[in-house]
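# have a look; sequence and predicted model below, questions after that.
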Amino acid sequence: MEGLEQFIRFTGFANITIEHCIMMVIALIFIYLAIVKEYEPLLLIPIGFGILIGNIPFLENVGMQIGIYEEGSVLNYLYYGVVKGIYPPLIFLGIGAMTDFSALLSNPRLMLLGAAAQVGIFITFMAAMALGFSQEQAAAIGIIGGADGPTAIFLSSKLAPELIGAIAIAAYSYMALVPVIQPPIIKLLTTKEERVIRMKPPRAVSKLEKIIFPIVGLLLTTFISPGALPLLGMLFFGNLLKESGVTRRLADTASKSLIDIVTILLGLTVGASTQATTFLTPQSILIFFLGAVSFMIATAGGVIFAKVMNLFLKGDNKLNPMIGAAGVSAVPDSARVVQHLGVQEDSTNYLLMHAMAPNVSGVIGSAVAAGILMGFLLNVF
């Protein structure tokens, strides 16, 4: 009977709480959105299932070493790649190896839209401080506005490791909900006449330009923001593997097998880090709210700045302001949203290639912003 009592005490039924049930419902919502709605399934299924894994009730601190926060457990070892910021640069390597920067190179001024969209990061940074978060925590929360999960995880691992779980879940949630969040904001800020503006076709970009870009891009961005070196170094390295034409095997590995493996590990461990005992707090809910505000401001910032640019442009040089919304880092989902809205207004107006320019520059911009925040806030002296 004593052994039976101990067995029962160790089961999930004896340790479950209402918080565990809430987190399991959230996990099922993530999985539903991924499978039924097809919102970023490559992210939401690993994260959703990870939330289930992390919220199976068990008796903690008895030496079983199964929880993600228990030293010596398998999940704890896998989570090390999140806590120490190992996974995000590997994700950036894969992104660089699969990204074509031709749209940006053909019209470099569109990079300004990617920069303008980062306004959400800094406004939310100030708002989070006003709500009582420390400067470091506020910076990590603000980066959610870039809609860049790896960058959010990287920065929070450096500045606010205690908030990694909430920040990562918020960042990836809003990345997945881009098709839901962005269209109403875009339509609110643009007129029918603006949404049907046709942009002239992008010029052809030479192979030499594509090869030079990752080298020059690395030097320019990392001299400005050395803190972003792990992210941008891997991003531009992956892009050089792709564009050089002589390292196809390496580029294929980085853009397929490697990024897939890291995405699985990252999503699963980030999801598992949301243990109800440590995750479900008023602070986490506030982070979700601030993340939503940050993302909406970033979207609006890109659209508004495109409208401002149009004040100084004439004729076929004018921009369709909708492409400004693609200045966030959700590649290529934001660009697809702009393309979808453009086709809704005019079935012959194709904006995808134009929107990809601010979209990929947003990836660079959010990483630069993260490096700048690190430079301001890390206490190195």
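Yes, it's here.

# which residues of the chain score low on pLDDT?
Filtered on pLDDT under 70, the chain yields the residue ranges 59, 61-63, 379-381.

# find the centremost residue of it, please.
D148 (1.8 Å; C-alpha atoms, centre = their mean).

# how much space between that residue and A160?
Distance from D148 to A160, counting by C-beta to C-beta, to the nearest Å: 16 Å. Placement of C-beta: from N, CA and C, glycine included.

# over to I22?
I22 is 24 Å from A160, by C-beta to C-beta.

# out of these two, which sits in the more crowded spot?
Between I22 and A160, counted using other C-beta atoms under 10 Å, A160 has the larger neighbour count: 22 against 13.

# got a list of what the more buried one touches?
When contacts are counted by C-beta atoms under 8 Å, 6 or more residues apart in numbering, A160 touches 134, 136-137, 139-141, 167.

# mind naming the longest helix for the chain?
Identified as the longest helix of the chain according to DSSP state H is helix 282-310.

# other SSEs contacting that helix?
Judged by 3 or more C-beta pairs under 8 Å, 6 or more residues apart in numbering; DSSP states H and E, helix 282-310 is in contact with helix 111-116, helix 119-130, helix 135-142, helix 164-176, helix 178-189.

# how about the following helix or strand past it: buried residues?
With elements assigned by DSSP states H and E, the helix or strand that comes after helix 282-310 is helix 333-345. For helix 333-345, burial by neighbour count (16 or more other C-beta atoms under 10 Å) applies to 333-339, 341-342, 345.

# would a markdown table of those with distance to F289 be doable?
Output for these, formatted as a markdown table (distance: C-beta to C-beta, whole Å):
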| residue | distance to F289 |
| --- | --- |
| D333 | 22 |
| S334 | 21 |
| A335 | 27 |
| R336 | 26 |
| V337 | 22 |
| V338 | 26 |
| Q339 | 30 |
| L341 | 26 |
| G342 | 31 |
| E345 | 32 |
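
# out of the residues you listed, which is nearest to R203?
The closest of the buried residues of helix 333-345 to R203 turns out to be A335 (C-beta to C-beta; 18.6 Å).

# so the closest one versus E193, what's the distance?
A335 is 22 Å from E193, by C-beta to C-beta.

# please apply the same query to G3.
Applying C-beta to C-beta to G3 and E193 gives a distance of 77 Å.

# now swap in A228 and tell me
Taking C-beta to C-beta, one finds A228 at 39 Å from E193.

# ok, those two, which is more surrounded?
When neighbours are counted by other C-beta under 10 Å, A228 and E193 differ, and A228 comes out ahead with 27 against 8.

# just checking, that one touches S366?
No: counting by C-beta atoms under 8 Å, A228 sits too far from S366 to count as a contact (9.1 Å).

# the helix or strand harbouring L42 packs against which elements?
According to DSSP H and E, L42 maps onto helix 41-54. In terms of contacts (3+ C-beta pairs under 8 Å, 6+ apart), helix 41-54 is packed against helix 18-35, helix 164-176, helix 259-272.

# which one of those helices lies closest to A306?
Of all the helices and strands packed on helix 41-54, helix 164-176 comes closest under C-beta to C-beta, at 20.9 Å.

# for the closest one, packing partners?
helix 18-35, helix 41-54, helix 74-83, helix 149-159, helix 259-272, helix 276-279, helix 282-310.

# among those helices, which is the most enclosed?
Highest mean neighbour count among those (mean count of other C-beta atoms under 10 Å): helix 149-159, with a mean of 28.

# how far off centre is that helix?
10 Å (C-alpha atoms, centre = their mean, to the nearest Å).

# and for that helix, what are the contacting residues?
Contacts for helix 149-159 (C-beta under 8 Å, 6+ apart): 43, 82-85, 87-89, 91-92, 136-137, 139-140, 143-144, 146, 163-164, 167-168, 170-172, 175, 230-231, 266, 270, 329, 366-367, 370, 373-374, 377-378.

# just the CA atoms of that helix, as PDB, please.
The C-alpha coordinates for helix 149-159 follow below in PDB (Å, rounded to 0.1, in the frame of the first residue of the first chain):
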ATOM      1  CA  GLY A 149      11.500  35.300 -32.900                       C
ATOM      2  CA  PRO A 150      15.200  34.400 -33.100                       C
ATOM      3  CA  THR A 151      16.200  38.000 -32.400                       C
ATOM      4  CA  ALA A 152      13.800  38.300 -29.500                       C
ATOM      5  CA  ILE A 153      15.200  35.100 -28.000                       C
ATOM      6  CA  PHE A 154      18.800  36.200 -28.500                       C
ATOM      7  CA  LEU A 155      18.300  39.600 -26.900                       C
ATOM      8  CA  SER A 156      16.300  38.300 -24.000                       C
ATOM      9  CA  SER A 157      19.000  35.600 -23.300                       C
ATOM     10  CA  LYS A 158      21.500  38.500 -22.900                       C
ATOM     11  CA  LEU A 159      19.400  41.100 -21.100                       C
END
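
# quick one, it and helix 41-54 angle?
Angle between the axes of helix 149-159 and helix 41-54 is 40 degrees (criterion: axes from the mean of the first three to the mean of the last three C-alpha atoms, to 10 degrees).

# can you pull the contacts of P41?
Neighbouring residues of P41 by C-beta under 8 Å, 6+ apart: 34-35.

# having no further points to raise, I will conclude here.
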